[in-house]
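[1] From the sequence below, what's the structure:
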Amino acid sequence: MSDSLDARTRDEIDDQVAEAFDAYLSDRLTERGPLRTALTAGRGARVVLGTVALGALATALAPGGVAAVYWIWGVIAAIDITWLRAAHRR
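    Numbers count the residues shown, from 1 in each chain. Predicted structure coming up:
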């Protein structure tokens, strides 16, 4: 019985987190900036999501060491920021 209660509680928490994240993104998209410009123009979102997906894969496959993971996510952040700035200028 405690397993089903734990699963139910986890589902409720997951739903609440998803709703909070949706509300946060909705608020962010009403603000002016490169994120809004890239997403509303239909550009950039795929690149940003793709780099995050590749980053997650690279993190999982990275050799044991925090430095490699920091380097991977640093490069991803630089790519995403550059891409969003370029999309914002268009």
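[2] can we go C-alpha only for contacts and neighbour counts from here?
    Will do.
[3] Please name the nearest non-neighbouring residue to residue 59.
    residue 69 (5.9 Å; Cα to Cα, 6 or more residues apart in numbering).
[4] Specify the local secondary structure of the one you found.
    Following DSSP: H, G, I helix; E, B strand; the rest coil, the label given to residue 69 is helix.
[5] What about it, how many residues nearby?
    Counted with other Cα atoms under 10 Å, the burial measure for residue 69 works out to 19 neighbours.
[6] right, and it touches residue 61 too?
    No: taking contact to mean Cα atoms under 8 Å, the distance of 9.7 Å between residue 69 and residue 61 leaves them out of contact.
[7] residue ranges with poor pLDDT in this protein?
    Applying pLDDT under 70 to the chain flags residues 1-5, 28-29, 34-45, 87-90.
[8] Okay, the residue nearest to residue 59 and residue 75: tell me how far apart.
    To residue 75, residue 69 is 10 Å away according to Cα to Cα, to the nearest Å.
[9] Please apply the same query to residue 21.
    For residue 21 relative to residue 75 (Cα to Cα), the value is 25 Å.
[10] With residue 50 instead?
    Using Cα to Cα, one gets 13 Å for the distance from residue 50 to residue 75.
[11] Do a quick rundown of the helices in this protein.
    Chain-ordered helices for the chain, with DSSP state H as the definition, fall at 2-30, 34-40, 45-61, 66-89.
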